[in-house]
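J.: One predicted model, sequence on top.
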Amino acid sequence: MKKMKNAGRWLVYGLLIFALAACSVPGPSGKNENQSGEKKKAVNKIDPLTGLTTGGAEHPVLMVMLNNHRNARPQTGLDRADIVVEILAEGEITRFAAFYHSQTGGKVGPVRSVRNYYLDLAEGADAVVAHAGGAKDALARIEQENIPGLDGIHEDARYFSRVSFRKPPHNLYTDLERLYEAVREQGYQSLPVKKAYQFSKTAETGQRESAGRIDLDYHPLYKAGYEYDSASKSYIRYTEGVRQVDRETKQPLSMQNVLVVFAKHQIVDSVGHRTVAVKASGRGYLFQQGKALSIEWRYRDGWIIPFAGGKEVPMLPGKTWVNVLPETGRVSFQ
């Protein structure tokens, strides 16, 4: 009789354990499912820089200063940037501020020095600036205003490396994995991400002109341009009449939105350093789907935003290139 009671007790214990285990059953992923067998679904979000669906990873925006000297072409990693802003540095050469968020891997370079007006873009957007030194006023501003930065030729050199196939100063490279490792180690991981634009899957209707080809004159000695590819529904980038490709993939650089704006430029010293009024407003054009729309632009939270008829013009989901021309520059399209 005693054995029967013990057996009954163990039977009750066994049933209780089974019932508790049934409340939390590991699914195929090894994670617990609820009683109805439902799994937690991955949360997809809209990337704030591209308007495309992303996996929802939480990390700040990177702004990498990339060289555009003829000895630095073709560059690596511009094809992975969500937004690229091109502005004159010294002389006739432009420099790229490449913003990365939707992609977090791959080689990037050559990395070059930063200027004050690029910091206006980075500061407003709360981006971490990856650069190779900079003008004295820009470096002083980074220190005084605690702008999050990664300097590849000073205190953060361990996250960058020199390549042998190019000569200095056109041979400093890094990759996005190393930069995001630096972001975590430097305590920048919690920086907020500000939405760049409004997005729409259809281009804004209005008085648009044909723009299958775009020609930009930044300077008498420097020209850039774009040609619309109807098959891919994107613009293809040209520099000095040559189709611009990524050095690693050999694929042409393409984007869905091309924003061209005019801003006041002023040379301030004998070296040729400039001030550029990116925090102002002015006129310009937005090119989408082979068409041109005349716009007014305004600065908002680090981004140069197009407006028409007093309303913000949305971007097509995808990549955006912003060309900031001096007021003496020219744009033509057909």
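T.: Here it is on my side, so go on.

J.: going forward, measure contacts and count neighbours with C-alpha atoms only.
T.: Fine.

J.: May I ask which helix or strand encompasses the residue nearest the centre of the chain?
T.: For the chain, the residue nearest the mean C-alpha position is Phe99 (2.4 Å; C-alpha atoms, centre = their mean). Taking DSSP states H and E as the criterion, the element that holds Phe99 is strand 94-100.

J.: Parallel or antiparallel, which strands does that strand pair with?
T.: Strand 94-100 has these partner strands in its sheet, going by DSSP bridges: strand 62-67 (antiparallel), strand 83-88 (antiparallel).

J.: can you give me how far the first one is from the chain middle?
T.: Which is strand 62-67. 9 Å (C-alpha atoms, centre = their mean, to the nearest Å).

J.: when you give positions from now on, start the count at 41
T.: Done: numbering now begins at 41, and the last item shifts to strand 102-107.

J.: ok, now how distant is Pro208 from Ile133?
T.: Note on Pro208: its distance to Ile133, by C-alpha to C-alpha, to the nearest Å, is 17 Å.

J.: Ok, Ile182 next?
T.: Look at Ile182 and Ile133: by C-alpha to C-alpha, they are 24 Å apart.

J.: before we move on, back to that, can you tell me which of the strands paired with strand 134-140 comes nearest to Glu225?
T.: With C-alpha to C-alpha, the closest approach to Glu225 among the strands paired with strand 134-140 belongs to strand 102-107: 14.6 Å.

J.: so how far is the very next helix or strand once past the strand holding Phe139 from its chain's centroid?
T.: Following the chain from strand 134-140 toward its C-terminal end, the next helix or strand by DSSP H and E is strand 147-148. Mean-position distance between strand 147-148 and its chain equals 13 Å (C-alpha atoms, centre = their mean).

J.: what's the answer for stretch 292-306, then?
T.: Distance, centroid of stretch 292-306 to centroid of chain: 14 Å (C-alpha atoms, centre = their mean).

J.: before we move on, what about stretch 136-147?
T.: 5 Å.

J.: And for stretch 323-332?
T.: The answer for stretch 323-332 is 20 Å, by C-alpha atoms, centre = their mean.

J.: re earlier: quick one, which of Pro208 and Ile133 is more surrounded?
T.: A side-by-side neighbour count of Pro208 and Ile133, using other C-alpha atoms under 10 Å, places Ile133 first with 17 against 12.

J.: Quick check, the more buried one in contact with His109.
T.: Yes - between Ile133 and His109 there is a contact under C-alpha atoms under 8 Å: 6.3 Å.

J.: Pull up the overlap in contacts between the two.
T.: Taking C-alpha atoms under 8 Å, 6 or more residues apart in numbering as the contact criterion, no residue touches both Ile133 and His109.

J.: Give me the spatial nearest neighbour of Leu89, chain neighbours excluded.
T.: Counting by C-alpha to C-alpha, 6 or more residues apart in numbering, Ala236 is the residue found nearest to Leu89 once chain neighbours are left out, at 5.3 Å.

J.: ignore the last one, Gln284
T.: Closest to Gln284 by C-alpha to C-alpha, 6+ apart is Tyr278, at 5.2 Å.

J.: Next up, the contacts around Ala162.
T.: Ala162 sits next to Met103, Val168, Val169, Gly342 when contact means C-alpha under 8 Å, 6+ apart.

J.: Let's verify it: helix, strand, or coil?
T.: Assigned state for Ala162: helix (three-state reduction, DSSP: H, G, I helix; E, B strand; the rest coil).

J.: related to what we said a few turns ago, I'd like to know which of the contacts of Ala162 are part of helices.
T.: Judged by DSSP state H, the subset of these located in helices is empty.
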